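[1] sequence below, structure please.
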Amino acid sequence: MNRAALGLLVAALLTFTAFHFLPGFGEAEACWRVWLEVGEILADPLRGNDASDFVILASFLTITLLILGSPFLLPVFLRSRLAWWLATLMSGVALFALWILVLVDTEPALLGPAGWCLLMAPALHLIGMVTLRGDSPDRGMGLPPENQNGRR
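    Coordinates of the predicted model:
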């Protein structure tokens, strides 16, 4: 089960990476330019941005950190239920906020490949986190008992 979770977390990372190189949101350019908009909002937060801009920004940055870090933090999530709960809850909240605001502001026909990748990456991450199973004293990292430190 943990290998499937790792596969989903890596798929989320690859989908999020693909988002940056594909066109979307009604434009022909690659969506890596979203980082220029993030920089503009962070540089001058008082320039007339509405609350939904900040919610999308917070959700996008949260999803970015979670998707980039989770495959590498798998041992931490397997051993710490608190870390797993925090990451899973943050992933779920950011996923639903991003989905609601992106789908309200953009027609599904205008999302393009990048938009669908942006919506699917956090969903894959959340599914991967939910399917992750922690360590127990009698079970290692999802390996058969003969592969755990030579004991049966």
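[2] buried residues, the helix or strand bottoming out on mean pLDDT in the chain. List them.
    Every helix and strand in the chain was compared by mean pLDDT, DSSP states H and E; the lowest is helix 34-43, with a mean of 83. Under the neighbour-count criterion of 16 or more other C-beta atoms under 10 Å, helix 34-43 has V34 buried. C-beta: built from backbone N, CA, C; applies to glycine.
[3] show residues contacting it.
    H20, N49, D53, F54, L57, F60, L61 (C-beta atoms under 8 Å, 6 or more residues apart in numbering).
[4] and the helix or strand in which the last one is found, what's buried?
    Yep, that's L61 we're talking about. Using DSSP states H and E, L61 sits within helix 51-69. Judged by neighbour count using 16+ other C-beta under 10 Å, the buried positions of helix 51-69 are I56, L57, S59, F60, T62, I63, T64, L66, I67.
[5] relative to V130, how far out is the second one?
    Distance of L57 to V130, given as C-beta to C-beta, to the nearest Å: 25 Å.
[6] so L101: helix, strand or coil?
    helix (DSSP: H, G, I helix; E, B strand; the rest coil).
[7] that one touches D53, doesn't it?
    No: using C-beta atoms under 8 Å, L101 makes no contact with D53, being 9.0 Å away.
[8] which other residues reach stretch 47-60?
    Against stretch 47-60 from outside (C-beta under 8 Å, 6+ apart): 34, 38, 41-42, 45, 93-95, 97-98, 101-102, 105.
[9] hang on, the earlier thing: what angle separates the helix holding L61 from helix 34-43?
    120 degrees (axes from the mean of the first three to the mean of the last three C-alpha atoms, to 10 degrees).
[10] relative to the whole chain's centre, how far out is helix 51-69?
    Put simply, helix 51-69 sits 9 Å off its chain's centre (C-alpha atoms, centre = their mean, to the nearest Å).
[11] if we can go back for a sec, just send the contacts of helix 34-43 back as CSV, with pLDDT and distance to W85 too.
    Formatted as CSV, those follow (pLDDT from 0 to 100; distance: C-beta to C-beta, whole Å):
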residue, pLDDT, distance to W85
H20, 88, 29
N49, 68, 31
D53, 78, 29
F54, 82, 25
L57, 86, 24
F60, 90, 22
L61, 92, 20
